[in-house]
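> pasting the structure only:
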């Protein structure tokens, strides 16, 4: 009965984790409406309270080209961990079931030669990769819970294996490590030797949680510090593509003086965050609901978008999301050469209890963003092509979405 409860608990947490982590797939699929009908109230509940709002926030770039080689390497590592972990898990699962059905003995070859639970290690790697690909804090917190349950289940499995195979399995345990090779396990054991086995396990899981969640906060702080921001007074601007930073530097101040823009900004004296994006930037629906075309769940490109996001990180890093989608509409990316200096600027009001004297303050976890309006402009000629007011929320309604 205890084993059954452990399995049910683990299965429930694993399913919950992958549902939440796979939000990035679901949100661009036709099932997004049904998914968020159930999930969004939970995210909004988290975002309502200061103590839990961080769980609904993001800790790595998702819309913006990762600034700097460290963040680019982390992004690539996410794809490697996700794909590599899934492959290793499937190989190990096949090995286990082959031995179970045809040899009636525990698996002891391949990775099982060095560690006793490579399947759990592979699943943990896959989950960590997903947490990087869709870096919501809630995902990394659930990942640490899932790792803890893997340990509980692994211990229970070993007790059953000893009961079934006796000294044969004890000998196997003596020469292998649980999740890492025996030599590393012994080295860690020498440091924690004064502790009881239970306290060693708690200390190990606590360290994993500290490194995972603490590392996520550190990555978020590093990301915000590296964002290519432009600021003047209460206006802070972020260029989605790094090549557009020069446009911000040399033209944004003049664009803000255009009468139509200046009048709208004067209606609210608070801090303003501006996103400079290509006119047909496919991810702009995460910033504001600028056009139904950018509600990606209403499109039919889910498989192509996900395969590019996972398997072609260099293409994403080199060309931005415009490289991923060249058929989003009649005036999509293939028309870009005609509009080389045309950009969309999306204006949002920001409310935060934190310090906004520094531009990075507008990206605080507790900051609330409200879309106001957007303009399409020829940056080179300072020509206003279009201006439209925006409603609250994004292309996904009030779902908390990435800020960068």
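Done, it's in. Just so we're clear, the structure is a prediction, and the values are computed from it rather than from any experiment.
> any idea how far residue 278 is from residue 402?
17 Å (Cβ to Cβ, to the nearest Å). The way it works is simple: take the backbone N, C-alpha and C, and place the C-beta from them, glycine included.
> cool, and residue 111?
45 Å.
> go on, residue 202?
50 Å.
> These two: which has the busier surroundings?
Shown here are residue 202 and residue 278; by other Cβ atoms under 10 Å, residue 278 has more neighbours (19 against 13).
> Roughly how far does the more buried one sit from residue 170?
63 Å.
> Strands of the stretch 251-400 of the chain, residue ranges please.
272-278, 342-351, 368-378, 383-389 (DSSP state E, counting those that start in this stretch).
> pLDDT below threshold where in the stretch 201-350 of the chain?
296-306, 313-338 (pLDDT under 70).
> cutoff 80 now
Residues of the stretch 201-350 of the chain meeting the criterion pLDDT under 80: 201, 242, 295-339.
> all helices of it, in order?
In the stretch 201-350 of the chain, the segments counted as helices under DSSP state H, counting those that start in this stretch are 245-256, 259-266, 302-311, 313-319.
> From the centre of this structure, point out the most distant residue.
residue 167 (44.9 Å; Cα atoms, centre = their mean).
> Against residue 85, how distant is that one?
From residue 167 to residue 85 the distance is 33 Å (Cβ to Cβ).
> can you list the strands of the stretch 251-400 of the chain in TSV and add distance to residue 133?
Below are these laid out as TSV (distance: least, Cβ to Cβ, whole Å):
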stretch	distance to residue 133
strand 272-278	21
strand 342-351	24
strand 368-378	23
strand 383-389	32
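> Could you identify which of those strands is most buried?
Of the strands of the stretch 251-400 of the chain, the one with the most neighbours on average (mean count of other Cβ atoms under 10 Å) is strand 272-278, at a mean of 24.
> residues making contact with it?
Residues from elsewhere that reach strand 272-278 (Cβ atoms under 8 Å, 6 or more residues apart in numbering): 234-241, 244, 247-248, 252, 265, 284, 287, 320, 322, 333, 336, 343-350, 362, 369, 372.
> Repeat that for stretch 374-383.
In contact with stretch 374-383 (Cβ under 8 Å, 6+ apart) are residues 247, 251, 254-255, 258, 260-261, 279, 288, 290, 341-347, 384-388, 390.
> repeat that with 7 Å
Applying Cβ atoms under 7 Å, 6 or more residues apart in numbering, the set of residues contacting stretch 374-383 from outside is 247, 251, 254-255, 261, 279, 288, 290, 341-347, 384-388, 390.
> Now do that stretch: distance to the chain's middle.
32 Å (Cα atoms, centre = their mean, to the nearest Å).
> do the same with stretch 85-103
Per Cα atoms, centre = their mean, the centroid offset for stretch 85-103 relative to its chain is 29 Å.
> Now it: buried residues?
Neighbour-count burial for stretch 85-103 flags 85-86, 88-89, 92, 95, 99 (criterion: 16 or more other Cβ atoms under 10 Å).
> Let me know the closest of those to residue 140.
Set against residue 140, the nearest of these by Cβ to Cβ is residue 85 (15.4 Å).
> Out of the buried residues of stretch 85-103, which is nearest to residue 222?
Using Cβ to Cβ, these come closest to residue 222 at residue 85, 24.4 Å.
> any idea which helix or strand carries that closest one?
Taking DSSP states H and E as the criterion, residue 85 maps to helix 69-98.
> Could you tell me the average pLDDT over that helix, please?
In this model, helix 69-98 carries a mean pLDDT of 90.
> just checking, what packs against that helix?
Helices and strands touching helix 69-98, as assessed by 3 or more Cβ pairs under 7 Å, 6 or more residues apart in numbering; DSSP states H and E, comprise helix 118-133, helix 197-226, helix 302-311, helix 313-319.
> Distance to residue 188 for those helices - can I get that in CSV?
Converted to CSV, the helices and strands packed on helix 69-98 look like this (distance: least, Cβ to Cβ, whole Å):
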stretch, distance to residue 188
helix 118-133, 15
helix 197-226, 8
helix 302-311, 33
helix 313-319, 32
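> looking at these, which is buried most?
helix 118-133 (a mean of 23).
> angle of it against helix 69-98?
Following axes from the mean of the first three to the mean of the last three Cα atoms, to 10 degrees, one obtains 150 degrees for the angle between helix 118-133 and helix 69-98.
> Skip ahead from helix 118-133 and say which helix or strand is next.
helix 137-165.
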